[in-house]
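[1] no sequence on this one, just coordinates:
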């Protein structure tokens, strides 16, 4: 097939050449799937950039890392999306287990996409509900500062009690050592307090936002729906008659060509070894093997020999 110029449906399907030969309604379905895929890409970039900036304290480097991780996630997403479509190859009618397996496979892939969407929606809640997040962080900082203040008071009281006990026991030689030990502890406490003051409390902000703003769950559900939209549209589009017929013609032709080439190569190798063999199959449509040939009864030797020679 001649390669079509870029269209929006190229973003949501790996068989864009087939789509290009389909009818207008099918092309519109895949076009909207491509639009949804573009929205997925934009939200992925924004979410990852917010994550790397807030959680890992990156500045301009966050964009470099964001681009790399976005390409990885989007390629995984497109690869998963490319495997979703109608099963067009011939199969036996009684393949119940195979139907169950394909259904379970689709559910697992759709579930993976929803889990990925939920994960990417979490950093965006800190942007949409920024005011609530800042208030939650301010309250958390105040609690942390109050905690460190209580610890300093307790340590000061403990030092005073320790010095008084040493003085009462006549161990003035240990008073200086007690002061030095408590000074080291105070410096370690100061360093921890400074780290806490510099922390952005990203995880606490996310948890608090979901707790005080139930709308955050709606945001995550909406983003999950957006990630599923290309899946749904493609699944509908690949079940339209024009797409199914073109895809079946293409895939069946590829399978038959490869099957014939494989058998020809095997027979050629055997012929080179002086082994002359012919092709024989118990099915009318190898290699799909959906229609078994009808043969004579096994106890009718003459009929079976005649039937076999005809094959």
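    Sure thing, it's come through. All of these numbers come straight from a predicted model, not from anything done at the bench. Numbers count the residues shown, from 1 in each chain.

[2] roughly how far apart are residue 153 and residue 185?
    For residue 153, the distance to residue 185 equals 14 Å [CB to CB, to the nearest Å]. No exception for glycine: its C-beta is placed from N, CA and C like everyone else's.

[3] helices and strands around the helix or strand hosting residue 261, which ones?
    Per DSSP states H and E: residue 261 is located in helix 241-272. Counting contacts by 3 or more CB pairs under 8 Å, 6 or more residues apart in numbering; DSSP states H and E, helix 241-272 is packed against helix 16-20.

[4] Name the next helix or strand downstream of the helix it packs on, please.
    helix 24-55.

[5] Which neighbouring elements make contact with that following helix?
    Using 3+ CB pairs under 8 Å, 6+ apart: helix 24-55 touches helix 16-20, helix 61-82, helix 96-128, helix 202-212, helix 215-237.

[6] now, of the ones you listed, which is deepest in the fold?
    helix 16-20 (a mean of 20; mean count of other CB atoms under 10 Å).

[7] so which of the helices and strands packed on helix 24-55 gets nearest residue 47?
    Nearest to residue 47 among these is helix 96-128; the distance by CB to CB comes to 4.2 Å.

[8] so where is the stretch 201-311 of the chain shaky, pLDDT-wise?
    Low-confidence segments of the stretch 201-311 of the chain, defined by pLDDT under 70, span residues 278-280, 295-311.

[9] can you pull the contacts of residue 223?
    Contacts of residue 223 were listed using CB atoms under 8 Å, 6 or more residues apart in numbering, and they are 43, 117-118, 120-121, 124.

[10] now residue 15
    85, 247.

[11] which residue lies farthest from the center of the chain?
    residue 170 (69.5 Å; CA atoms, centre = their mean).

[12] so which strand or helix has that residue?
    Short version, using DSSP H and E: residue 170 is in no helix or strand.

[13] returning to that earlier point: now the helix holding residue 261: buried residues?
    242-244, 246-247, 250 (16 or more other CB atoms under 10 Å).

[14] Report the distance from that helix to the chain centre.
    33 Å (CA atoms, centre = their mean, to the nearest Å).

[15] Please parse the protein into its domains.
    Domain assignment for the chain by automatic domain parsing gives 8-129+213-258, 132-203, 263-310.

[16] how many neighbours does residue 155 have?
    14 (other CB atoms under 10 Å).

[17] surely it meets residue 187?
    No. Taking CB atoms under 8 Å as the definition, residue 155 is not a contact partner of residue 187, at 11.6 Å.

[18] What is the burial count for residue 36?
    Residue 36, neighbours per other CB under 10 Å, totals 23.

[19] List the residues that contact it.
    12, 226, 229-230, 233.

[20] Quick check: the farthest pair among these?
    12 and 226 (12.5 Å).

[21] Against residue 175, how distant is residue 82?
    Residue 82 is 75 Å from residue 175, by CB to CB.

[22] ditto for residue 146
    31 Å.

[23] quick one: which of these two has more around it?
    Neighbour totals were compared for residue 146 and residue 175, and residue 175 leads with 14 against 10 (other CB under 10 Å).

[24] Buried residues, the helix or strand harbouring that one. List them.
    Per DSSP H and E, residue 175 falls inside helix 175-198. By neighbour count with 16+ other CB under 10 Å, helix 175-198 contains the buried residues 178, 182, 193.

[25] List the contacts of residue 92.
    Counted by CB under 8 Å, 6+ apart, residue 92 has contacts 289-290.

[26] rewinding a little: just want the angle from the helix holding residue 261 to helix 215-237.
    60 degrees (axes from the mean of the first three to the mean of the last three CA atoms, to 10 degrees).

[27] Compute the inter-axis angle for helix 241-272 and helix 24-55.
    90 degrees.

[28] mind giving me CSV with the buried residues of helix 175-198 and columns for pLDDT and distance to residue 8?
    Output for those, formatted as CSV (pLDDT from 0 to 100; distance: CB to CB, whole Å):
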residue, pLDDT, distance to residue 8
178, 82, 74
182, 87, 68
193, 85, 53
